[in-house]
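> fold the stuff below for me.
(chains A and B)
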Amino acid sequence: MSNAAAARRWWTAWDERTMRLRALVRKEFLQILRDPSSIAIAFLLPAVLLLLFGYGVSLDAEHVPIAVVVDRADADAAGFTGALQQSRYFTVWPMSSMVEAEKAMRERRVDAIVYLRANFARQRRGGGAAIQVLLNGVDANTARLVSGYLEGAWQKWLRQSTQGAISTFDPPVLVHERVWFNSELRSRNFLVPGLIAIIMTLIGALLTALVMAREWERGTMEALLSTPTAVAEILLGKLIPYFLLGTGGMALSVVMAVWLFEVPLRGSPILLFTASSLFLFGALGMGMLISIVAKNQFVAGQVAIIVTFLPAFLLSGFLFDIASMPAFIRALTHILPARYFVAILQTLFLAGNVRSVLVPNGLALLGMAIFFLGLSRWKSRKRLE
Amino acid sequence: MTPSALATPSGGAPEEAILDFRRVHKTFGGGKRRIPALRGVNLQARRGRITGLIGPDGAGKTTLLRLAAGLLEPDEGTILALGMDATTESLAVQSILGYMPQRFGLYEDLTVGENLNLYADLQRVPRADRAERYRELMHMTALAPFMDRLAGKLSGGMKQKLGLACTLIRSPRLLLLDEPTVGVDPVSRRELWEIVNRLVHKEGVSAFVSTLYLDEAEHCHEVVILHEGEVLGQDAPAAFSTALRGRAWTVQIAGRKPRSIQSRLAGASGVVDAVVQGERVRLVLEEGADPRIVGASAGLDGVEFTSVPPRFEDGFIDLLRKRIAPANGSRSLERSTLDAPPIQDASAPRSENRAAIEVHNLERRFGDFYAVKNLTFSVERGEVFGLLGANGAGKSTTFRMLCGLLSPSGGSLSVAGVDTRKAAAAARARLGYMSQKFSLYGNLSVAQNLHFFSSAYGLSGSRRAARLAWALEQFQLTPYADASSSELPLGYKQRLALACALMHEPDILFLDEPTSGVDPLARREFWQRINELAERSVTVLVTTHFMEEAEYCDRLAIMASGQLLALGSPSDIKRRAATPRCPEPDMEEAFIYLIENDSKRGAGP
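Numbers count the residues shown, from 1 in each chain, chains lettered A, B, ... in the order given. Prediction:
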């Protein structure tokens, strides 16, 4: 009897709770629909960032302008110049003198100079030909890439040109390279999955921080708190709509990645969804935590960008390799949820369901989601202070 | 609800009190910057009555209401709302009270109906009861035709009523309203009070309403006066004034401007308060003071003093004055000593016959919306000219055009003989501007602010030094010279802002809502300074939403939807609004009459 009464009481309480929660979620969706800024953050921003990074930013060096100076134009020199011209990595600018080439380098019209001396053909036949390569080292990264490409082109040309002739050049070891996971070595394949993590950080943290701050700023939070609505209901009322919105943004990003940028998705979509949900919960929790500290939209926006977006951009391994960072910074990356998510995304897209990567990183995300959501629940009280 | 129980003054049995504060302390901040908001507040609000909480900005009204709604925790003391502890049982309290925060708590991107639905869900109003309840509320607030309009697109008065409707969605037993009438035009103010009255009388709701406006005390059964976190008094509104019976007088001298009489009397000994009221000056004297002796000491011999019944405001000022005078002498309204006129000599020959400000057929469009249309008026030198109107009437737009901050779309205007459209900078050098927000640099000290503004107006060397010394002395800011201006009390900020606007000795002074948020004493002091400036031929153009302040103006322009509704002296305007039903309207009644008459005309064929 009393059990039944207790059950009924529980049910009424549940009914009231869900009524309030539904009302809050519905309100949030109406606001999202009417305020284009949150839609823009959820859908336009991912699209723009993906287009920008997918098409605009590339870590590969292609069509690098190089100057080729040939002291004596003979068949060998022409052959090597021709080989360079055929490579997609270079755009060749033949120049008549080193003076001219150096001038071009100083004016940044070319990134490298290849100098074939007058004795080039003779030396080659003697077996010890040398070319001079001058690199513009201002951009160390490109310089290293160009140096590598030139080296490769040089070796390839040497091999090809000697095959027809007498086999004086017979290297003892032949290196057959095979690139795994990203066989075309397209940096886009590597950037786009990482970018999705950055976008999710932005949607999750920025959006919740902003909309919570908006409620404080417009005085509606005060009105909400003065109703018998519980704190957990208010938090859930934000969490649910922005989780759905974030998932929508995620889906859009994945679709764009696969169909537009032709990034392979080798892992399971279900695992992808699970990992992104875990990550999104952590990001949403972070956004809520920010809005507890910053109660106006401007400050909330600034804080969200500084503590979530920037570190995720720089330290998640999306763009800069974590292993090559100094030990202190490397340690710091462990507190970023984006780091784990980038690892998961790159694995799921390019390698597949690699359990030994997915499980530890997934657990880290779970821990972070629990930490941030728990902390924001604990920190938000039904008070205005 | 027996009448006898209601008639007893404060200190009744605790179960009668629907809201009960006992020795409540509340302090904000920590460390060095602890700001006490409430200091040992005791008060009781009675069941089934309207209790008003009156006090200037910063008195602690909002803190008190938030404590009652369980949104803040007191440092000390207990708060009982409907017999429950508002702090420990806040959820239970919140389910039977209705609290409307200062900005109404509306979602501006939701429609009227969606706002109602949201609050109905949050307050668990059963679905079956909703249609009926909505109908009642919409009827009461006259919002029925706007159910599908976004709340953000409603006027200030309509937002206020929607906020109230959302608060009332589950017939609360205790209604807490935080400054519901601030920023709302007089017509909407009156309507709000009618609604609250009806709720209290018909539905047995108890209401606790905070307000800045002293004249709203008359709508309350009981009034609590809060000042700097302390309760100065709690009683029926009439009780505050009856104590002053026989101390309120009016005086009138034919052929003399009431303003100059007022400024003579305001500082005289034995005078608690002196304000301009139409063509008369209203006086409140100290206990036992004889008006004839007071008059003689102020140099007004043989004038007729008429005894008048005291008002609530007199009691309020008397209480505040008693409170403040012993603590802070400089705050009292001593006749300030503007002996040597540092401001230009009034007799200096300077385009005497030209009006200081001339506006002809001025108009300003934003898209196809006319913010100002067909505006024509002129202001003489040395005149105090008031610009009155509800929010959105076009006051600020007019103001900005006069200052040369906004270019008009049509018409002509000249300020100090200069067309501001052509030579805005030249005109600006001769005018001083004080904005509503005071526009001070909060992290600069008082002296640095004065220094900056005088430099901005091109003062330098010994002239700047002289003006700085003048400002510090004249506005009694010397003790604060090195204090950072953000930490000044509001009244002092206002003084500093005025001083900044006067550094370059302008001929014309523009004041945009100069007294909003400032307590009544500081407001009186402010007007006294303005009067003195006007006596020395400075032209003053002022906007205000305090209707009683319109009385200080020589002439007024009342604006509504961008157009001039009425132009004339305060008494002219009141005369025009006189009806058989209301033969002697006060400024607010006149304003409401004119606005309503206008909208009737607008609605007609």
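> please count neighbours and contacts with C-alpha atoms only from this point.
OK.
> which parts of chain A sit against chain B?
With CA under 8 Å from any CA of the partner chain as the criterion, chain A meets chain B at residues A:16, A:19-20, A:23-24, A:27, A:30-31, A:34-35, A:218-230, A:382-385.
> sort out for me which of those are in helices.
Among the residues of chain A next to chain B, the ones falling in helices (DSSP state H) are A:16, A:19-20, A:23-24, A:27, A:30-31, A:34, A:220-225.
> ok so, going back, now a PyMOL select for only the buried ones of the residues of chain A next to chain B.
Command for PyMOL, covering only those of these found buried under the criterion 16 or more other CA atoms under 10 Å in any protein chain shown:
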select buried, chain A and resi 16+19+20+23+24+27+31+218+219+220+221+222+223+224+225+226+227+228+229+230+382+383
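> quick one, strands of chain A?
Under the criterion DSSP state E, chain A carries strands at the ranges A:64-70, A:90-95, A:112-116, A:132-135.
> minimum distance to B:Gln262: which of the ones you listed has it?
B:Gln262 sits nearest to strand A:64-70 of all the strands of chain A, at 86.0 Å, using CA to CA.
> gap between that closest one and the chain center?
The offset between the C-alpha centroid of strand A:64-70 and the centroid of the whole chain comes to 33 Å, using CA atoms, centre = their mean, to the nearest Å.
> my read: A:Arg109 touches A:Val92, true?
No: the criterion here is CA atoms under 8 Å, and A:Arg109 misses it with A:Val92 at 11.3 Å.
> who in chain B is up against chain A?
B:69-73, B:91-92, B:94-95, B:98-107, B:109-110, B:114, B:117-118, B:121-124.
> from B:Gly105, how far out is whichever residue of the stretch 251-385 of chain A sits closest to chain B?
Ranking the residues of the stretch 251-385 of chain A by distance to chain B (CA to the nearest CA) places A:Arg383 first, at 4.6 Å. From A:Arg383 across to B:Gly105, the span is 16 Å (CA to CA, to the nearest Å).
> not counting sequence-adjacent ones, nearest residue to the residue in the stretch 1-150 of chain A that chain B sits nearest to?
Across the stretch 1-150 of chain A, the shortest distance to chain B (CA to the nearest CA) belongs to A:Arg20, at 4.9 Å. Spatial nearest neighbour of A:Arg20, excluding adjacent residues (CA to CA, 6 or more residues apart in numbering or on different chains): B:Leu122 at 4.9 Å.
> can you count the residues close to that neighbour?
Around B:Leu122 there are 25 other residues, counting by other CA atoms under 10 Å in any protein chain shown.
> need the contact list for it.
With contacts defined as CA atoms under 8 Å, 6 or more residues apart in numbering or on different chains, B:Leu122 is in contact with A:Met19, A:Arg20, A:Ala23, A:Thr227, A:Pro228, A:Thr229.
> between those, which is nearest B:His221?
Within those, distances to B:His221 taken as CA to CA reach their minimum at A:Thr227, with 26.9 Å.
> who's in contact with the host helix or strand of B:Ser260?
Secondary structure here is read from DSSP states H and E; on that basis B:Ser260 sits in helix B:258-266. Outside helix B:258-266, the residues within contact range by CA under 8 Å, 6+ apart are B:252, B:271-276, B:278-281, B:295, B:298-299, B:333-335, B:528, B:531-532, B:535, B:552.
> ok, 6 Å please
B:Ala274, B:Glu279, B:Arg280, B:Val281, B:Ala298 (CA atoms under 6 Å, 6 or more residues apart in numbering or on different chains).
> wait, which of these is closest to B:Gly417?
Set against B:Gly417, the nearest of the contacts of helix B:258-266 by CA to CA is B:Glu279 (30.9 Å).
> how many residues are close by that closest one?
Taking other CA under 10 Å as the criterion, the count of residues near B:Glu279 is 19.
> for it, what are its contacts?
Applying CA under 6 Å, 6+ apart, the residues contacting B:Glu279 are B:Pro258.
> do B:Ser206 as well
B:Arg47, B:Gly48, B:Arg49, B:Leu174.
> walk me through the domains of the chain.
You didn't say which chain, so I picked chain A. Per automatic domain parsing, the domain ranges recorded for chain A read A:22-57+A:186-379, A:64-164.
> other chain: chain B
Here the domain assignment for chain B is B:14-240, B:245-331, B:353-430+B:506-517+B:529-605, B:435-505, based on automatic domain parsing.
> can you name the residue of the stretch 51-200 of chain B nearest chain A?
Per CA to the nearest CA, B:Gly105 is where the stretch 51-200 of chain B lies closest to chain A, at 4.2 Å.
> how about that residue, secondary structure?
Under the three-state scheme (DSSP: H, G, I helix; E, B strand; the rest coil), B:Gly105 adopts coil.
> where's the residue nearest to it when sequence neighbours are not counted relative to B:Leu176, distance?
In space, B:Gly105 comes closest to A:Thr220 once its chain neighbours are excluded; the distance is 4.2 Å by CA to CA, 6+ apart. In this view, A:Thr220 and B:Leu176 are 16 Å apart by CA to CA.
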